[in-house]
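Student: When you get a sec, could you give me coordinates for this:
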Amino acid sequence: MNMLKSSWRRCWCGIGAYGDGLDLMQRLLSAYEEPQRRYHSLQHLVECLDLFTHHMGQAREPTEVEIALWFHDAVYDVKATDNEEQSAAWAEEELTVSGVKPERIQRVKELILATRHSVQPHGHDQQLLVDIDLAILGAPTDRFDTYEAQVRAEYEWVPEVLFCSKRRDILRGFLTRHSIFATNPFRHEREEQARANLARSIERLANGC
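Tutor: Coordinates of the predicted model:
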C-alpha cells in the first residue's frame, strides 16, 4: 500500500491535478478488486507500477505514463470489447474536473488506448507503457503459468475448445512479431523468456489446454 500511495501522489501532483485525489485513488483500487477479475486485478496494477519505478527514467513524460497505468484497466468487463475506451473516458472525466491541461489529458487517453494492443504503439512513452503491460509474457515460468490460469478463470464461461482456439491465436500473434517488446531494456530482459513462454503455452493449447 505504501508503494501505491507513493506512486499516486507522485503522478497526481506531477500531472498538475487539484487536491490529493485520494478518493479517486480508492475508487480505482476498488475497481481493480472487482470479483470478475482474476488477472486484470490489483496484482496486475501493482506489478505494472513496480516495473514502472524501475524504468521511470526512460519516459519522456513519466507522470503521464504512470497515471495512464493507474487507469489502463480501470474498467474491465470480461464480455465487453471497449474496456480501454471506457477506461480512457473515465480518466478524461476525472482529469478534466481536476484541472489537468487538455493536451496532457489527450496524451493520457492515447496511452491508455495503446493497451488495446491492436496496433503498434506510437512514440516512446506508448512503447514503454505497452511493454510494461505486456511484461507478464516474459515473466519467470511459474508466474507466467499462473497468469495463463488467471486469464482462463476470467473466461471460465467460454467453452474449452473455443477458448483454446482463440487464446492460441492471440498468443501466436505476439510470437510472430519481429519483436514482442518495443524498448531496448524490455527486449534485453524479457524477449527470450517471453518467446519460450508463448511457444510452450501455444503447444499446450494445441493439445486441448
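
Student: Could you break this protein into its assigned domains?
Tutor: 2-124, 136-206 (automatic domain parsing).

Student: how long is the first one end to end?
Tutor: The first residue of domain 2-124 is 28 Å away from its last residue (C-alpha to C-alpha, to the nearest Å).

Student: Please apply the same query to the shortest one.
Tutor: In terms of C-alpha to C-alpha, the two terminal residues of domain 136-206 are separated by 21 Å.

Student: now A17: how far from L24?
Tutor: Applying C-beta to C-beta, to the nearest Å, the value for A17 to L24 is 9 Å. Yep, even glycine has a C-beta here, placed from its N, CA and C like the rest.

Student: residue contacts, the residue at minimal distance from the centre of the chain?
Tutor: Central residue of the chain (C-alpha atoms, centre = their mean): D133, 3.5 Å from the mean position. Counting by C-beta atoms under 8 Å, 6 or more residues apart in numbering, D133 makes contact with C48, L69, H72, T115, H117.

Student: Closest one of those residues to P185?
Tutor: Taking C-beta to C-beta as the measure, C48 is the one of these closest to P185, at 15.1 Å.

Student: Show me which residues of the helix or strand hosting that closest one are buried.
Tutor: Here C48 sits within helix 42-55, counting by DSSP states H and E. By 16 or more other C-beta atoms under 10 Å, the buried positions in helix 42-55 come out as L42, Q43, H44, L45, E47, C48, L49, L51, F52, H55.

Student: And for stretch 86-98?
Tutor: Quick answer for stretch 86-98 (16+ other C-beta under 10 Å): S87, A88, A89, W90, A91, E92, E94, L95, S98.

Student: returning to that earlier point: quick check: the residue nearest to the centre of the chain vs H117, distance?
Tutor: 8 Å.

Student: Identify the contacts common to those two.
Tutor: The contact lists of D133 and H117 share no entry, where a contact means C-beta under 8 Å, 6+ apart.

Student: and the helix or strand just after the helix holding C48, C-alpha only, in CSV?
Tutor: As assigned by DSSP H and E, the chain's next helix or strand after helix 42-55 is helix 62-71. Provided in CSV are the C-alpha atoms of helix 62-71 (Å, rounded to 0.1, in the frame of the first residue of the first chain):
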residue,chain,number,x,y,z
PRO,A,62,6.7,10.0,-16.6
THR,A,63,3.7,11.3,-14.7
GLU,A,64,1.5,10.8,-17.8
VAL,A,65,2.7,7.2,-18.2
GLU,A,66,2.3,6.5,-14.5
ILE,A,67,-1.3,7.8,-14.3
ALA,A,68,-2.1,6.0,-17.5
LEU,A,69,-1.0,2.8,-15.8
TRP,A,70,-3.4,3.5,-13.0
PHE,A,71,-6.3,3.9,-15.4
